[in-house]
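**Student:** Next one to model:
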Amino acid sequence: MPEEDTIFSASPLLPAEHAESTVIKSKRMGFILFFIQSLVKNFDLSALSIFAIHL
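**Tutor:** Here you go, the predicted structure:
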């Protein structure tokens with residue numbers, strides 16, 4: 001099927017690079033979640049809602 005070949009060849013990332021970028025994204029998400037948790041612990045919810053509005 002030529003359509004599938006087009007999809008695969010159009011993908012800019014090799015599988016290894018894609019896996020590496022996924023790991024980086026998951027680490028970044030973990031850091032963001034940790035940052036939000038520390039905000040909740042250190043500040044009240046109004047400060048957190050102000051922070052969320054600026055995202």
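**Student:** where do the strands sit along the protein?
**Tutor:** Counting by DSSP state E, the chain has no strands at all.
**Student:** how near is Phe35 to Glu20?
**Tutor:** 23 Å (Cβ to Cβ, to the nearest Å). All C-beta atoms are positioned from the backbone trio N, CA, C, and that covers glycine.
**Student:** now this protein, which segments are flagged as low pLDDT?
**Tutor:** For the chain, applying pLDDT under 70 flags the ranges 1-18, 42-45, 48, 54-55.
**Student:** how about the helices of it, start to end?
**Tutor:** Using DSSP state H, the helices of the chain run over 2-10, 15-42, 45-53.
**Student:** Specify the angle between the second one and helix 45-53 in degrees.
**Tutor:** In terms of direction (axes from the mean of the first three to the mean of the last three Cα atoms, to 10 degrees), helix 15-42 departs from helix 45-53 by 150 degrees.
**Student:** and helix 15-42, what does it pack onto?
**Tutor:** Helices and strands touching helix 15-42, by 3 or more Cβ pairs under 8 Å, 6 or more residues apart in numbering; DSSP states H and E, are helix 45-53.
**Student:** same question, the last one
**Tutor:** Secondary structure elements in contact with helix 45-53, counted by 3+ Cβ pairs under 8 Å, 6+ apart, are helix 15-42.
**Student:** for Arg28, what are its contacts?
**Tutor:** By Cβ atoms under 8 Å, 6 or more residues apart in numbering, the contact list for Arg28 is empty.
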